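A.B. asks: Okay, here's the prediction I keep looking at, along with the sequence it came from:
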2 protein chains.
Amino acid sequence: MLKATFRALSDSTRREILSILREGPKTAGEIAAHFPTTFATISHHLAVLRDCGLISDEKQGKYILYELNTSVLEEIAVWLSSFKKDSKKDETL
Amino acid sequence: MLKATFRALSDSTRREILSILREGPKTAGEIAAHFPTTFATISHHLAVLRDCGLISDEKQGKYILYELNTSVLEEIAVWLSSFKKDSKKDETL
């Protein structure tokens, strides 16, 4: 749903988390290490990102790995492409 | 600023207003005619869209015309393009 996605993306910490995950899957601890805020705060942001499908989590042994899910970003790219001046609609991530 | 832009885009009425303006500049009355809500509500949405630069307004005689400003949408497209799997960064609106 675009509403929840855009709302999730309005937060700069959450956008930064997505940038960090471009490098590949990471644990909550690895992600939290990039920020001066508490682990609980990052954990909340991860839940928001997961709830709107921007990231997914997968249990690997005793760790949970968070991974970027580009299909939701692609949905936004498709919406944006409808505003292109030449109305090309074939852009994907 | 991406924060205000994403927050503005999280509202479906505001996204619909942008879609309407793809056809060309319109007055607040012409835009409001597409919605069952009050003129005051649409006027508020137009102010939010204008404040984050997604639309601009121009006085023409006794009317104010609202126009789509694609440069802010382009800023989002550039941000999104950094998540492309092949990291191509040359996408613009």
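C.D. replies: Thanks, I have the structure now.

A.B. asks: Which of the residues in stretch A:36-55 are classified as buried?
C.D. replies: Within stretch A:36-55, the residues scored as buried using 16 or more other Cβ atoms under 10 Å in any protein chain shown are A:42, A:45-46, A:48-49, A:52-55. Using the backbone N, CA and C atoms, a C-beta is placed for each residue, glycine as well.

A.B. asks: of all these, which two lie farthest apart?
C.D. replies: Spatial extent of the buried residues of stretch A:36-55 (Cβ to Cβ) is set by the pair A:Ile42 and A:Gly53 at 18.5 Å.

A.B. asks: next one: phi and psi at A:Ala28?
C.D. replies: Dihedral pair for A:Ala28: phi -60, psi -40, per degrees, to the nearest 10.

A.B. asks: Quick check: it touching A:Arg50?
C.D. replies: No. The criterion here is Cβ atoms under 8 Å, and A:Ala28 misses it with A:Arg50 at 10.9 Å.

A.B. asks: Can you work out which residues contact both of those two?
C.D. replies: Listed as contacting both A:Ala28 and A:Arg50 by Cβ atoms under 8 Å, 6 or more residues apart in numbering or on different chains are A:Tyr66.

A.B. asks: Show me what the helix or strand where A:Ile76 lies is packed up against.
C.D. replies: For A:Ile76, the element it lies in under DSSP states H and E is helix A:70-81. Counting contacts by 3 or more Cβ pairs under 8 Å, 6 or more residues apart in numbering or on different chains; DSSP states H and E, helix A:70-81 is packed against helix A:2-9, helix B:70-81.

A.B. asks: Please identify which helix or strand holds A:Ser56.
C.D. replies: For A:Ser56, the host element (DSSP H and E) is strand A:55-60.

A.B. asks: list the buried ones in that strand?
C.D. replies: Quick answer for strand A:55-60 (16+ other Cβ under 10 Å): A:55, A:57.

A.B. asks: With that, I have no additional questions.
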